[in-house]
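[1] Structure of the sequence below:
(one chain, ligands or ions: 2)
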Amino acid sequence: MTRDTPDETEDAALETDGGSDTASGADDVALDPWGSSTVSDYRKLFEEFGIEAFDEALGEVPEPHYLMRRGVIFGHRDYRPVARALREGEDAAVLSGFMPTGDPHIGHKLVFDEIIWHQQRGADAYGLIADLEAHSARGLSWDEIDDHARDYLLSLLALGFDPEEGELYRQSTNREVQDLAFELGSNARFAEFEGIYGFDGETSVSHMQSVVTQMADILYPQLEEPKPTVIPVGPDQDPHMRLARDVAARMRYFKVTEAYASFEADAAERDHLAAAYAALDDADGVRCEDAADWLDAEMAPDAARDAAIDKLRAAGKEPLRPRVRFLDRNATDAAFDALIEAVPGEKRRYDEHIDAFEMDRAAAEDLAREVEVDHGGFGFVPPSSIYHRFMTGLTGGKMSSSVPASHISLLDDPQDGYDKVKAATTGGRETADKQRELGGEADECPVYELYAYLLAGDDDEFATEVYEECVGGERLCGGCKEQAAELMREFLEEHQAKRAEVEDLLADLDIDLESERRGVPGDGH
Ligand code: TRP
Ligand code: SF4
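    Ligands and ions are numbered 1, 2, ... in the order given. Prediction:
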C-alpha cells in the first residue's frame, strides 16, 4: 500500500457550495450530492455515517484492483456479499451513473475502471447516463446532455467496458427504470428528502423525481433476479445509498429476525435472552420466568437487561427457545400462506409473523426471498457501495470540472495534458537542497496522486518507488513532473485512439444520442 494515510491536519467537512441550501442540518460533516465535493478527513465518514473502512474487507476480495490496494477506494457499505459472490463465481452486479454536465475527466476514470474490473470478474455491469438529473438539478439542455453523454460512453467503452455482456442506458429512455422509480416512490416520503437532502418548499418536483430515479437505477440490476450489487461512487453519493438501502428494505414482503419467545426484543435484549438460554438450557428446556430469575441474579442491571426481565416475567411459563422469525411487512395473504407451507420442521404461525425452530438465519433469508419473488415481489438484496477518494486538483484544492487547469479531461489534447502536469503544484520543498535533505511530501502532492491513481497503473512497484524516492529525497520535482507529464501524454494519446476505435461500437448500441426531447432545464432547485 503506497497511500492510505488520510490528511491529519484539516478539519472535516464535505464542503457545500457556499450558499447552497441543500445541506441543511449539516454540522461538522455534510455529504451533499449536489454540493461541491471535497473531503478533508475521510475517517470522519466512518464515525459520522457508518461507512466502513475498505482495508478491513480487502482480504476477502479476489485479486483486488490497484485502487483497492492503494487505499484510493477507502470505504464501503456492505461490500462483503459482493466480494463473496466474485470469489465463488455467483451472480453479482455492478452499476454506476454519470451526470453528463461536462467532459469526462480522470476522476471519472476511477469509476469507469471500477465498473470494468467488476465486469471482468463476472459481475453483470451497468453504466448509465443520469440525464434526468443533469436536466433538472444542474440545468443542462437536452442538446448539451446528448453531446456529453456520447463522450462518457465512448470513454467507458474505450477503457474496456463490454457492451455485449453489460448494459448502457440513459435514465430518460429506460422505461423499466421509470416504472421502478414510480413504485419505489410509494415508499419514499418528502419528509425524508427534507432530512437527507435539505429539500424544501422551493425544491422542484423534477429534482425529486431524479432522486427516485437514482434509487431505481441502483436497484435496476436486481429486476430480473435479486443479487448482490455494488455501486462504485464518491462519498458525496452516500446519502443516496442510505436511502436506497432503506427503500429496498421497505419493499420486502418479510423481515427476518431472531427471537427467543413469542414477544419481540431488540438486539441488546436478545443478547441477554441468548445468555440466559445458553446458561440454563438442558433436557427439560427453559421457561421464561426462570430466565428472568437468572438474569436478575447473574447480570449487571442496565436498561436492556431490565427490559428483558420484564418481558420474560410477562411471558411466565412460556418456553424460551431460539428461533428465526419472519415478520410480515408487505406480504400478500397468498405469500404468507406459501411461506408457512414452505418452512421446514417445527414452526408456529401468529397473526403478523411466523416462527421457525429448525432453520438458521441465512436459510430463512433465502426462503423469504424465494417466496417473495414467487409471489410478485422484488426480493431486493440491500445494495452495496464502494467509495473512492476525490482527486486533488492539479492546482491544489479540489479537482473541479469547471476549472480546466485543475483537472485533466479525457478529451484534452495530449500536449495540453502534458503541460497541465508540468504546471501542477507539488509537495516539493522550496529548494533542491532542502528536498534532498528533507524529502518531498508525496502525501500532499497532486503529482504523486496522478501516479498512484492512474499513471502507475497496476504496477505497485513503480508507485512505491516514486513514493519512496520522493520522501527519501532522491527524487526532485522537475524530473518527477517530466516523467508524469510524459506518461500522461501517452495515456491520453492511447485513450483517444481507442475512443476513435469504439465509435462504431457505440453507434451499434441501442442508445439514442440525438434525443428529440424538448423542454426548459431546471434551475437546480
Ligand atoms: N447522482 C450521480 C452523480 O451525481 C449520478 C447517478 C445517477 C448515479 N444514478 C446513479 C450514480 C446510480 C450511481 C448509481 O454523479
Ligand atoms: Fe511530488 Fe514528485 Fe515532487 Fe515528490 S518529487 S513532491 S511526488 S512532484
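
[2] check which helix or strand covers the closest residue to ligand 1 within the chain.
    Here the chain gets closest to ligand 1 at one residue, residue 97, 2.7 Å apart by C-beta to the nearest ligand atom. For every residue, glycine as well, the C-beta is placed using N, CA and C. Using DSSP states H and E, residue 97 sits in strand 93-98.

[3] Tell me which residues are up against the lengthiest helix in the chain.
    Taking DSSP state H as the criterion, the chain has its longest helix at helix 477-501. Contact with helix 477-501 is made by 154-155, 157-159, 408, 410-415, 417-422, 424, 426, 428, 435, 440, 447, 450-451, 454-455, 466, 470, as judged by C-beta atoms under 8 Å, 6 or more residues apart in numbering.

[4] Residue 231 reaches residue 382, doesn't it?
    No - Residue 231 is not in contact with residue 382 according to C-beta atoms under 8 Å; the separation is 11.2 Å.

[5] more neighbours, these two?
    residue 231 (28 against 17; other C-beta atoms under 10 Å).

[6] Wait, a strand at that one?
    Yes - Residue 231: assigned to a strand according to DSSP: H, G, I helix; E, B strand; the rest coil.

[7] How many neighbouring residues does the residue nearest to it when sequence neighbours are not counted have?
    Of all residues not flanking residue 231 in the chain, residue 385 sits nearest, at 4.6 Å (C-beta to C-beta, 6 or more residues apart in numbering). Using other C-beta under 10 Å, the number of residues around residue 385 comes to 26.

[8] Show me what the helix or strand containing residue 385 is packed up against.
    For residue 385, the element it lies in under DSSP H and E is strand 384-388. Applying 3 or more C-beta pairs under 8 Å, 6 or more residues apart in numbering; DSSP states H and E, one finds that strand 384-388 makes contact with strand 73-77, helix 80-88, helix 106-120, strand 229-233, helix 238-250.

[9] Each with direction, which strands does that strand pair with?
    For strand 384-388, the paired strands and their directions (DSSP bridges) are strand 73-77 (antiparallel), strand 229-233 (parallel).

[10] most packed of those?
    strand 229-233 (a mean of 26; mean count of other C-beta atoms under 10 Å).

[11] Next, the angle from that one to helix 238-250.
    160 degrees (axes from the mean of the first three to the mean of the last three C-alpha atoms, to 10 degrees).

[12] will you turn the helices and strands packed on strand 384-388 into JSON lines that also has mean pLDDT and distance to ligand 1?
    As requested, those are exported to JSON lines (pLDDT from 0 to 100; distance: least, C-beta to the nearest ligand atom, whole Å):
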{"stretch": "strand 73-77", "mean pLDDT": "97", "distance to ligand 1": "13"}
{"stretch": "helix 80-88", "mean pLDDT": "98", "distance to ligand 1": "15"}
{"stretch": "helix 106-120", "mean pLDDT": "97", "distance to ligand 1": "8"}
{"stretch": "strand 229-233", "mean pLDDT": "98", "distance to ligand 1": "5"}
{"stretch": "helix 238-250", "mean pLDDT": "97", "distance to ligand 1": "6"}
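
[13] Just name the most buried of the ones you listed.
    strand 229-233 (a mean of 26).

[14] tilt between it and helix 106-120?
    Using the same axes, to 10 degrees: strand 229-233 against helix 106-120 is 160 degrees.

[15] what's near enough to touch residue 146?
    Counted by C-beta under 8 Å, 6+ apart, residue 146 has contacts 513-515.

[16] Only whichever of those residues are buried, select them in PyMOL.
    Buried residues within the contacts of residue 146, by 16 or more other C-beta atoms under 10 Å, are selected in PyMOL with:
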select buried, resi 513
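
[17] Just the contacts of residue 146: which are in helices?
    Among the contacts of residue 146, no member lies in helices (by DSSP H).

[18] follow-up on the earlier one: closest one to ligand 2 among the strands paired with strand 384-388?
    That would be strand 73-77 among the strands paired with strand 384-388, by C-beta to the nearest ligand atom, at 20.0 Å.

[19] residues in contact with that closest one?
    Outside strand 73-77, the residues touching it (C-beta under 8 Å, 6+ apart) are 4, 6, 42, 45-46, 50-54, 57, 65, 67, 114, 232, 235, 238, 241, 245, 384-389.

[20] Stretch 195-205 close to ligand 1?
    No - Stretch 195-205 lies apart from ligand 1 when judged by C-beta under 6 Å from any ligand atom; the minimum separation is 11.4 Å.

[21] now that stretch: how far from the chain's centre is it?
    22 Å (C-alpha atoms, centre = their mean, to the nearest Å).

[22] Look at that stretch and report the distance between its end residues.
    End-to-end distance of stretch 195-205: 16 Å, with C-alpha to C-alpha, to the nearest Å as the criterion.

[23] Check the average confidence over it, would you?
    Averaged over stretch 195-205, pLDDT sits at 95.

[24] What residues sit buried inside that stretch?
    Those would be 196-199, 203, for stretch 195-205 by 16+ other C-beta under 10 Å.
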